[in-house]
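In: Coordinates for the following, if possible.
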Amino acid sequence: MGATGNVGGAVVRGLLERGEEVLAVSRHERKWPAGVTGIVADPMRPGSLDAAAADVDRAFVMSGYAAEAGLLASLREAHVVLLSASSAGLGTGDNPLARMHLGSERAVLGAGLPHTFLRPCSFQSNLLRWRDQLAAGDAVRAPFADVPVAMVDPADIAAVAVVALTEPGHAGLVHRLSGPEALTPPQQVGLLGEALGRELSFEAVPDDEGGAAGIDIFRHHPDLESEVQDTVPSLLGRPAGSLRDWLDRNRAAFG
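Out: Reported below is the predicted structural model:
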């Protein structure tokens, strides 16, 4: 599910590299490479994935979709690798982000399926949210200016998902995922400026511009986003991808 996104698309490619046959879901018709059977379905429509899931033995699933209940019921005994988030570590549903991810984790547990939960920190690709500001000038405004975040490369999330889907020993585990270092927003902007060859400046804004959910996570529970995890290097046998490397590969996406 989510086979065309930053993480899902890389999961598809990773599975193909391992010689797996893949059933991929997308909202629109598209041409898939050999080894992939595509299904057009809307995961926000209940029941849309039930029939497709009947013969699946392993599934990469993302949190918060309306088709979740029917999908989990149809998967029967399949191993589910769920893309959750660090906010699920709050353990309560008071935060709307945590509520969505915890709801999906609890649905998987309630279905009694073998499972692996992935709880990544913020994606490095989240820096793309600054594109509009960059188009208007060289100043970047953001809240939580003093909170370091161990942002993770979406490609690393996908690589861990592929390992969990294809190798034994991951059932019942929660994998926390991060990048190799925790960087504050001003440090992130500094690296972005280097990648783009621009003299960017950072302007701190009040935390409430990041919303109540952001305040709960970044201000009250910074450990969920700031702690560097060793999961990626221990499972993949290489260092986690740095923000600098992600920016070098994706500078064109900033326009």
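
In: CA only for contacts and neighbour counts going forward, please
Out: Will do.

In: Strands of the stretch 101-250 of the chain, start to end?
Out: 115-120, 139-142, 173-177, 201-204 (DSSP state E, counting those that start in this stretch).

In: so where is the stretch 101-250 of the chain shaky, pLDDT-wise?
Out: For the stretch 101-250 of the chain, no stretch is flagged by pLDDT under 70.

In: ok, G35 - contacts?
Out: Applying C-alpha atoms under 8 Å, 6 or more residues apart in numbering to G35 gives the contacts L16, E20, E21, V22.

In: most neighbours per residue, which of the strands of the stretch 101-250 of the chain?
Out: Sort the strands of the stretch 101-250 of the chain by mean neighbour count, taking mean count of other C-alpha atoms under 10 Å, and strand 115-120 sits at the top with a mean of 25.

In: Can you check which of the strands of the stretch 101-250 of the chain gets nearest to A78?
Out: strand 115-120 (8.4 Å; C-alpha to C-alpha).

In: Next, the angle strand 173-177 makes with that closest one.
Out: 20 degrees (axes from the mean of the first three to the mean of the last three C-alpha atoms, to 10 degrees).

In: what lines up beside strand 115-120 in the sheet?
Out: strand 79-83 (parallel), strand 173-177 (parallel) (DSSP bridges).

In: per-residue confidence averaged over the first one?
Out: Strand 79-83 carries an average pLDDT of 98.

In: Send me it as CSV with only the CA atoms.
Out: Only the C-alpha atoms of strand 79-83 are listed here, as CSV (Å, rounded to 0.1, in the frame of the first residue of the first chain):
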residue,chain,number,x,y,z
HIS,A,79,3.2,-10.6,8.2
VAL,A,80,2.4,-6.9,8.3
VAL,A,81,5.2,-4.2,8.4
LEU,A,82,3.4,-1.1,9.4
LEU,A,83,4.9,2.4,8.8
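
In: buried residues in that strand?
Out: Neighbour-count burial for strand 79-83, with 16 or more other C-alpha atoms under 10 Å as criterion, is recorded at H79, V80, V81, L82, L83.

In: How about residues contacting it?
Out: By C-alpha under 8 Å, 6+ apart, strand 79-83 touches 57-63, 105, 108, 113-119, 161, 164-165, 171.

In: How many neighbouring residues does the residue lying closest to P180 once chain neighbours are set aside have?
Out: For P180, ignoring the flanking residues on the chain, the nearest one in space by C-alpha to C-alpha, 6 or more residues apart in numbering is A240 at 5.4 Å. A240 is flanked by 23 other residues according to other C-alpha atoms under 10 Å.

In: pull the longest helix from this structure.
Out: The single longest helix within the chain, with elements called by DSSP state H, is helix 96-111.

In: Which parts of that helix count as buried, going by neighbours?
Out: L97, A98, R99, M100, H101, L102, G103, S104, E105, A107, V108.

In: my read: the fourth one touches Y65, true?
Out: The reference is to M100. No: judged on C-alpha atoms under 8 Å, M100 makes no contact with Y65 at a distance of 9.2 Å.

In: re the thing from before, dump the buried residues of helix 96-111 to a markdown table, plus distance to R176.
Out: Output for those, formatted as a markdown table (distance: C-alpha to C-alpha, whole Å):
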| residue | distance to R176 |
| --- | --- |
| L97 | 16 |
| A98 | 15 |
| R99 | 18 |
| M100 | 17 |
| H101 | 14 |
| L102 | 14 |
| G103 | 18 |
| S104 | 16 |
| E105 | 14 |
| A107 | 19 |
| V108 | 18 |
